[in-house]
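Trainee: Structural data only, the sequence is not supplied:
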């Protein structure tokens, strides 16, 4: 973890940094996939957005993960999260569909939810049984995972068989206790940065909107959810409160708080053994939930 923290400390975190520069920096941080991993990749266009359907070597192509990347609804792409999405799918032994959903400020809430729903429709139209698909995402993508399931349920659509959220951002008011309590140990995110992203994404929409802050949504009827969060991150309480809300709604929820881990430590799996361990652990859970 010290190696990861050292690398992150060298990255400037200035609120005045232009969003376009932040996007470019995020792209440069993305760990590449292994050139010889044996995966087959189908490049797609879904609702006008670039997408990739990938089958890792030896994976069961009749089951899949819909992966929604993080980046505060303002950053991120297929490129930034290609390795993470593919690694989780490989660990679960299934295929993965990733979509380059629309970002703010060019496209405000609920554009990301609409694109995620379009990707879900694509999987259903392709013939995937809902019970053999899991939604997954990290940070904003974790919140988007929950919001998309809520939107799908309310639209009368089928729901996936499971969901896996990594360090989900589900309360865009950014006012839960861990936001301040963990500020000194979180090297990646903080309230000022998140407040900026909230303003960009919502553009005046209520911060408690359930498609932006799904912690406020009715979570009844959602499938089993696995949540990974680190003990050293400002969004710790987002995960704790989400697990409680899911449980109160009668939804099977498994919350894992990993000691000393930072926000979305899975992203750093190439240099962090705990990242690799977390991916393997989540893959085993997903494989069990998506079993025929």
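Mentor: Received the coordinates, thanks. All figures in this text were calculated on a predicted structure; none of them were measured in a lab. Numbers count the residues shown, from 1 in each chain.
Trainee: from here on, contacts and neighbour counts on C-alpha atoms
Mentor: Fine.
Trainee: residue boundaries of the strands in the stretch 1-150 of the chain?
Mentor: Secondary structure of the stretch 1-150 of the chain, counting by DSSP state E, counting those that start in this stretch: strands at 40-46, 49-55, 60-68, 94-99, 133-138.
Trainee: Strand partners (parallel or antiparallel) of the last one?
Mentor: Applying DSSP bridges, strand 133-138 is found paired with strand 60-68 (parallel), strand 162-166 (parallel).
Trainee: Name the residues of the following helix or strand past the last one that are buried.
Mentor: Read that as strand 162-166. Toward the C-terminus, strand 162-166 is succeeded by helix 178-181 as the next helix or strand (DSSP states H and E). Neighbour counts over helix 178-181 (16 or more other C-alpha atoms under 10 Å) mark 178, 179 as buried.
Trainee: Give me the distance between helix 178-181 and the centre of its chain.
Mentor: 21 Å (C-alpha atoms, centre = their mean, to the nearest Å).
Trainee: and the residue nearest to residue 174 when sequence neighbours are not counted, what does it touch?
Mentor: Counting by C-alpha to C-alpha, 6 or more residues apart in numbering, residue 174 lies nearest to residue 191, which is 6.4 Å off, once chain neighbours are set aside. Going by C-alpha atoms under 8 Å, 6 or more residues apart in numbering, residue 191 touches 174, 179, 180.
Trainee: just for the chain, where's the confidence low?
Mentor: Low-confidence segments of the chain, defined by pLDDT under 70: 5-15, 292.
Trainee: coming back round to it: can you put the strands paired with strand 133-138 in TSV and add mean neighbour count?
Mentor: Listed next are those as TSV, based on neighbours: other C-alpha atoms under 10 Å:
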stretch	mean neighbour count
strand 60-68	24
strand 162-166	27
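Trainee: Any idea which of those gets closest to residue 287?
Mentor: Using C-alpha to C-alpha as the measure, strand 60-68 is the one of these that comes nearest residue 287, at 9.3 Å.
Trainee: Could I get the contacting residues of residue 164?
Mentor: Residue 164 makes contacts with 134, 135, 136, 137, 142, 225, 226, 227, 228, 282, 286, as judged by C-alpha under 8 Å, 6+ apart.
Trainee: Buried among these? Need that as a selection in ChimeraX.
Mentor: Buried residues among the contacts of residue 164 (16+ other C-alpha under 10 Å), as a ChimeraX selection:
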select :134,135,136,137,142,225,226,227,228,282,286
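Trainee: For the chain, which segments count as helices?
Mentor: Here the chain has its helices, by DSSP state H, at 2-9, 19-29, 78-92, 111-125, 140-154, 178-181, 191-202, 236-248, 273-289.
Trainee: could you measure the most centrally placed residue in the chain against residue 173, distance?
Mentor: Residue closest to the average C-alpha location in the chain (C-alpha atoms, centre = their mean): residue 137, at 1.9 Å. Shown here: residue 137 relative to residue 173, a distance of 20 Å by C-alpha to C-alpha, to the nearest Å.
Trainee: and what of residue 140?
Mentor: The gap separating residue 140 from residue 173 is 13 Å, by C-alpha to C-alpha.
Trainee: Looking at the two now, which is surrounded by more residues?
Mentor: Legend: neighbour count by other C-alpha atoms under 10 Å for residue 140 and residue 173, higher for residue 140 (25 against 16).
Trainee: Grab the nearest non-local neighbour of residue 1.
Mentor: In this structure, residue 1 finds its nearest non-sequential neighbour in residue 272, 6.6 Å apart by C-alpha to C-alpha, 6+ apart.
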